[in-house]
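1. Attaching a predicted model along with its sequence, questions to come.
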4 protein chains.
Amino acid sequence: MKAVLKKEKGVGFVIEDIPTPSIGDDEILVKVEVASICGTDVHIYEWNDWAQNRIKPPIVVGHEFAGVVVEKGREVKRINVGDFVSAETHIYCNHCDMCLMNHREVCRNLKILGVDIDGAFAEYVKIPERVAWVNPKEIPHKFASIQEPLGNAVDTVLAEDISGKTVLITGAGPIGLLAIAVLRVFGATKIIASDLSNYHLEIAKKVGADVVVNPLEQNIHDVVLAETHGLGVDVSLEMSGSKSALRDALKLTKYLGRVSLLGLFDKSVDVDLTNDVIFKKLRIYGITGRRIFETWEIVSSLLSSKRLDVSPIITHEFKLEEVDKGIKLMKSHQSGKILLYP
Amino acid sequence: MKAVLKKEKGVGFVIEDIPTPSIGDDEILVKVEVASICGTDVHIYEWNDWAQNRIKPPIVVGHEFAGVVVEKGREVKRINVGDFVSAETHIYCNHCDMCLMNHREVCRNLKILGVDIDGAFAEYVKIPERVAWVNPKEIPHKFASIQEPLGNAVDTVLAEDISGKTVLITGAGPIGLLAIAVLRVFGATKIIASDLSNYHLEIAKKVGADVVVNPLEQNIHDVVLAETHGLGVDVSLEMSGSKSALRDALKLTKYLGRVSLLGLFDKSVDVDLTNDVIFKKLRIYGITGRRIFETWEIVSSLLSSKRLDVSPIITHEFKLEEVDKGIKLMKSHQSGKILLYP
Amino acid sequence: MKAVLKKEKGVGFVIEDIPTPSIGDDEILVKVEVASICGTDVHIYEWNDWAQNRIKPPIVVGHEFAGVVVEKGREVKRINVGDFVSAETHIYCNHCDMCLMNHREVCRNLKILGVDIDGAFAEYVKIPERVAWVNPKEIPHKFASIQEPLGNAVDTVLAEDISGKTVLITGAGPIGLLAIAVLRVFGATKIIASDLSNYHLEIAKKVGADVVVNPLEQNIHDVVLAETHGLGVDVSLEMSGSKSALRDALKLTKYLGRVSLLGLFDKSVDVDLTNDVIFKKLRIYGITGRRIFETWEIVSSLLSSKRLDVSPIITHEFKLEEVDKGIKLMKSHQSGKILLYP
Amino acid sequence: MKAVLKKEKGVGFVIEDIPTPSIGDDEILVKVEVASICGTDVHIYEWNDWAQNRIKPPIVVGHEFAGVVVEKGREVKRINVGDFVSAETHIYCNHCDMCLMNHREVCRNLKILGVDIDGAFAEYVKIPERVAWVNPKEIPHKFASIQEPLGNAVDTVLAEDISGKTVLITGAGPIGLLAIAVLRVFGATKIIASDLSNYHLEIAKKVGADVVVNPLEQNIHDVVLAETHGLGVDVSLEMSGSKSALRDALKLTKYLGRVSLLGLFDKSVDVDLTNDVIFKKLRIYGITGRRIFETWEIVSSLLSSKRLDVSPIITHEFKLEEVDKGIKLMKSHQSGKILLYP
C-alpha cells in the first residue's frame, strides 16, 4: 500500500509502497477514507527538537483519520467489518493507575498513533479495537477525520461550563478555529480571537468570533477592555504557545475567571502568579489529549446534528501524495485544516 | 397612578387609580415601561388555593417588569436616576443563614414582589435597591421584562453543563419555551419538547426544538427512544407540573443522566425511585427562583449580545388596562409570553 | 472445592464440593482468604421476589471477598500470581455506551458476581482480570473483603464534598455503619444516625455518630432540629429503603442541601416534590454500585493508611460452613458486618 | 483606648491611647477580647515594599480578632449588643460586579481592616454590620480570632474535595499549619509537609502531618516519591511563596492532580507550563481571601464541634502591649499562631 513515511532522521517525508499491516487478535484494519494534517505532523516533518527525541524512523506518520473497517482480529467484539470509524490516537495501556482512574489520555504507557507506532497517512492503518470510535451514520464523512483535534478544542472549551460567558482565545490556528466554532455553538456570548495571521482571523470571523485582533496591528488590552466594559473576559483559552499571549490572557481574564492552556510553550514561562493568578483567584487548566470517550461523544453529536459547521475551517483538500504541499501551507499560516485523501 | 389590583378576596383584578408609592431610604421608584404576565399572576387572578393562603388584598399585582428609575432614597448608592432597570422579584432579607451563604433565592424571610408586597402592574413600582438589576444598554427594551422568567429557564437548564447534550423538556408553556430557546443557544444537540397544546409546540419548533410531541397524539416513549437510538436523553427538564410528565422524564432519561424540576406539582407524586433514580444513578435538581445575580448576568448577556432571540415567544402585547384579556389567553394555552404596557 | 450454593429454587443455601473453576484467557483464579455477607446474599437465601426473578440456580453465591491469585490466563497482564486482590463485583462489558463513557457501574450488559455468575463463597473464585483490584500491601487482610460495600458507602457520602457538613443518615445497617465511619474520617461536623435496631445504633456511636435516634423511641424531627439550631442538616444519606425515613430525610434537609439515595424501596414512593425538593432547591443523587475504580482507590487508601478503623463494624467471624448462622444474624438486625473464612 | 498604631512611615509600631471609635448607622463597636498576629502585620511592621505602597499612616493595625458587641448603629438589624463576633476582614462594597456575583473577597472596592482602615489591635474596633460573623456559642473563645486565617486554610484545602487524597503542603508557617490540621480533619490520607523551619515541622507533626521534610536537610523529591509509590501526590498546596517550593509542588503532583496557590511570590515565577501543567493536565487554583461566608460557616463548625483542635498551633499568648515581641517571634520562624489580649 501507499504510505507517507518518516523514513530516516532529518527533514521531510517520503511516499512509498509498503506492505499492508497485518493485524493482531485485538486489532482492526481500517481502509483510510480521509485524513488530516496536525501541527505534530509538521514538527515531525521539520524534525524539530521534540521530534528528534521522540521519533524512531522509519514510521508511517499521521493520526487524524476516518475510514471503513475491512478486517478484525478474533477477539474484537465491539467493532464490525464495514463500520465507519475514527480513532482516539492516544493508545492507552488500560493497566496503569491513570487508566484505572479513567484518565486514559495521560496513560503512563501511552503510545501515539503516527508518532510511536505506524500511523494513518496511508491506504490502510491498523489500530487496537479499544481506541476505535464508531462514527454515527449522520456524520458528514468529510468532517470525520477532524474529530480528533475537535476533541482537543471541546476539552479546552469545556474544562468548565462556557454557557453565557465572554471569552478571549489567543491563537486561531486550526485547533483555535475549531474552538471558536465550538464556543459559538455552546453559547459563549462574546468571542474575541487573537492571532498573528490575518488569514486565520478571517476564518475566525466566519466561524463565530465577534471580535478579532492581530496583536501586530492592534493593542489587545485596549480591544479586550473596550469590549468588556473594562472588566476583562470570563474565560481565556490559550492555544498559541506564545508567552506574550499567555501573559495577555492572564491579565485580561476577570477576577474569579478561568484559563485553559492547550498551546505548548517551547521553554519555561515567566508568570506573575501573585497579581495575575492568586489575587485574581483564577483557575487554570492544563489540557492535553481529550477525555476518552466523553469528548468523542460530544464531538460526534455536534457534527451529526449539524449544530456545528466546520466547513469554513477546511481550507484545502489534497491527495495523500500532495502531503508536502499541505505541510508547507501549514507552516505559512495560510491554511485552516487540510484534508488528505489516499 | 393607574394600577392593577387584587382588591379583595375572590376571582379577578380591578384597575384603579391609587397614590404613587413613596420610597424609603434604601428604595428606588421605577416608572414601568413594560411588564409581562406570569403564571403566578393567573393563579392570583383565579384565586386558587395557593393564592387564598398567601395573598392579603388589597395589593398591586405583577412582578415581571422593566423601567426607568425616577427617584432614589438617600442611602441608595449603586443605582442612579435614569437607569433602565429590572428587578429580582425575590426580595431577600440579607440577614438569614441562607442569605449569608449566598442562597438568597431561598431566603427564610422572602417577600415576593406582587405577591407579598405591591407589584409592578402599575405606572410606578418601588423596590429596594438591593434587588435592582441595571440592564445593559444594548438590551432590547421590549425583552427586558422577561428576564425574570428567563432567569428561571437558565437556572433550570444550567443546573449542570448542557453543552452537547440531548434533552427532553416536558412542558412548553412560556417558561418552557424560554428554556428551549436557551437550550438551543447553549448547544444542546437534540431538543425534544412535549406539551398538550399544539399552539405551544408550534412556537417550540420556531425557537429551536428539533422534535415536538403532543402526548395526546403520540406516544412520548416511542418518540424519545426513536430519536435517541433507544437509549434515552442525557437530560430532562420537567416544566409542566404534570405527574405523568415527570414519570416519563425519569423513565426516558439515560443512566447517569440529570433531571431538573421546575414545574410545581399540586400534590405528592408517586415515584419509582428504585428503578428510575437509584439503579439509573440519576441526579435530580429542584429549581426555584434563580441564582442571584449570576443568572441575571447570563440572561442580560444573552439578550444584549443578540445570541438569544425570544421574539417568537412574545405572542401578544397589550395595554396595561387589557390585563384581563391577557390572563384569559394564558388560561387557554393559546399564548406565549404576553407583554403589558402601562 | 467447598462452595456455598443456591442449588435450587426456594429458601436456603447448600454447602457442597464442586470442581474448582477453570479459567479463560482473560481470567484469574483467586484462593479466597476472607469473604463477607451482603444484604443481597440474604435476599438470595430468602428467595424473595427479586431473587426469584434474577437468580438461575445452581450458582455459587457471595461477592465480597479478598484472596490470593493462584493462576492467570495467558492474556492477563496487569495481575500476577501471588497478588492479594479483591474484585469489583459489577462485571462490566467494556463495550456498551455506558462503559465507553466511564460509567461502568451501570453497564448495559452487567453481570454481578454471585448473582449472575458463580461467586466467592467458596475456596476459589474466578474473575476476569479487568475487575481485579490489587490491594495495597499495607491493607489489613481482614478488612479487605469489605472494600466493596465500603465503596458503596464512599460513593454515597462523596456524591458531593462532605467536609464540614452536618449529616443525617437514615439506616445504620452494615453499609450505613460504614458510611458513618467514612463521614467521620472525611470531616462531617455533626453526624446524626437513625435506625430501628438499637444494636446498630450502639455501633453507630462507636464509629462516629454524634447523635443516634431510634424512631420507635424518639421523634426524629425533634432530635434533628434541636441538634441543628432548628435549620435541618446540610446533607442526608438515605440507606434504609424505608419510605418514612426518606420523607424524614427530605423534610429535615436544609434548603440547598443534598440527599443521596442508596437504600432500595420495595415499591414506588409518594414524595412531596413541590415542598420538599423544588421549593428547597435540593439536589438528589441516586447511588448504585460505585465509581470504578475511583472509589476503590479511596477505600484502599482509607484502610491502608489506617485513617479508617472499621473493626467495631465487624461483629462476627465465622467459618464458611457457618454461613447460615451469619444469614440468620443479619436477618435479626443483631449484627454489623459478618466475615466468612473458607 | 489603648491601640497599636502604625504611626508614621518606617519600621515599627507605636502603642498609644487614642479615642474610642464612634460608629456610623450601619456599624457596630466591638470590645476586642482576643486578637492574633498575621504575616501581613509583620510586613506592615517591617515597612516592606508592599506596605510602603499601601499603608497610609497613622492607622490602627491588626485584623484577626474576636470580641463582644457593645454598641450598634441604628440601621443594624442582624447583630445585637452582647453578641460574640469575629469579622470578615475584606470589607466589600456590595455594589460592584464581583460583589453582585457573590465573589466578595475580590470586591473591586475592597478595604481591608487594619490595612486600609483602622484595625483590631486595640481595646475596641468598629466594623460594618455586613462583615460581622456571629460566633456559635460552643466555640472556644480563645480560638475565635484565628477563624479568619483558618478560613484561608479551608479555602485553599477545599478548592476541590480533599477526601481520601494524598497531599503535599509546601510551607508550614501559621496558615500552613492550620491547613495541615484541616487536611487531617477532612480525611486526606497522606499529608506530607515541607518547611525550612524545624520548629514549624514539629508542630506540623502534632497537628496531623504524616511526613515532614526540611528541604535544607532532605531531598523533597525523594521523600515524596518514596511515600507515594513513585507516583506523586494527588494535591499540592503551595503556602510558602517560595519559587523552588512551587516548582517542587508542580513536579510532585500526579497527572490530573490539583494545585492550590496561597503563598505570595515576590516576583514573577518561571514555570515549565508545558511539562508540569499541560502534559500533566493539572488544575491550578489561585486563592486569596476566603469565600464569604461559606468558609466562615465551615470554620465555626469545625471549632464548635471540636473536630478541629488548633491548640498545638497557638504557641504564644501575649498582652496587646507585647505585640513587638510577637512580631519578632514571627520573623524568627520560631512560632505558630500568636494571640494578643488587650
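-> It's in.
2. pretty sure A:V106 contacts D:Y255?
-> Yes. A contact is recorded between A:V106 and D:Y255 when judged using C-beta atoms under 8 Å, the distance being 4.1 Å. From N, CA and C alone the C-beta is placed, and that goes for glycine too.
3. Please identify which helix or strand holds the residue of the stretch 201-342 of chain A found nearest chain B.
-> Across the stretch 201-342 of chain A, no residue is closer to chain B than A:I298, which sits at 3.6 Å (C-beta to the nearest C-beta). When secondary structure is defined using DSSP states H and E, the element that contains A:I298 is helix A:294-304.
4. Could I get the average pLDDT for that helix?
-> Here the mean pLDDT over helix A:294-304 is 98, rounded to a whole number.
5. Identify the residues contacting the residue minimising distance to the centre of chain A.
-> Central residue of chain A (C-alpha atoms, centre = their mean): A:P149, 2.5 Å from the mean position. By C-beta atoms under 8 Å, 6 or more residues apart in numbering or on different chains, the contact list for A:P149 reads A:36, A:38, A:64, A:174-175, A:178, A:337.
6. Go through these and name the one nearest D:D17.
-> For those, the closest approach to D:D17 (C-beta to C-beta) belongs to A:I175, at 66.5 Å.
7. same question for the strand or helix carrying that closest one, mean pLDDT?
-> Under the criterion DSSP H and E, the helix or strand holding A:I175 is helix A:174-185. Averaged across helix A:174-185, pLDDT comes to 98.
8. Could you name the helices and strands sitting against that helix?
-> Packed against helix A:174-185 by the contact rule (3 or more C-beta pairs under 8 Å, 6 or more residues apart in numbering or on different chains; DSSP states H and E) you find helix A:147-157, strand A:166-170, strand A:190-194, helix A:198-207, strand A:337-341.
9. Chain C versus A:I28, what's the distance?
-> When distance is defined by C-beta to the nearest C-beta, to the nearest Å, A:I28 is 14 Å away from chain C.
10. and that residue, helix, strand or coil?
-> For A:I28, the assignment made with DSSP: H, G, I helix; E, B strand; the rest coil gives strand.
11. my read: it touches A:R130, true?
-> No. With contact defined as C-beta under 8 Å, A:I28 does not count as touching A:R130 (10.2 Å).
12. Those two: which has the busier surroundings?
-> Remark: of A:I28 and A:R130, A:I28 carries more neighbours, 26 against 21, as counted by other C-beta atoms under 10 Å in any protein chain shown.
13. Quick one: residues in contact with the helix holding A:I298.
-> Against helix A:294-304 from outside (C-beta under 8 Å, 6+ apart): A:86, A:88, A:133, A:135-140, A:143-144, A:147, A:150-151, A:154-155, A:158, A:182, A:185, A:290, A:307-308, A:310, B:163-164, B:166, B:187, B:189-190, C:100-102.
14. Can you select the buried ones from those in PyMOL?
-> Restricted to the buried members of the contacts of helix A:294-304, where burial is judged by 16 or more other C-beta atoms under 10 Å in any protein chain shown, the PyMOL selection command reads as follows:
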select buried, (chain A and resi 86+88+133+135+139+143+144+147+150+151+154+155+158+182+185+290+307+308+310) or (chain B and resi 163+164+166+187+189+190) or (chain C and resi 100+101+102)
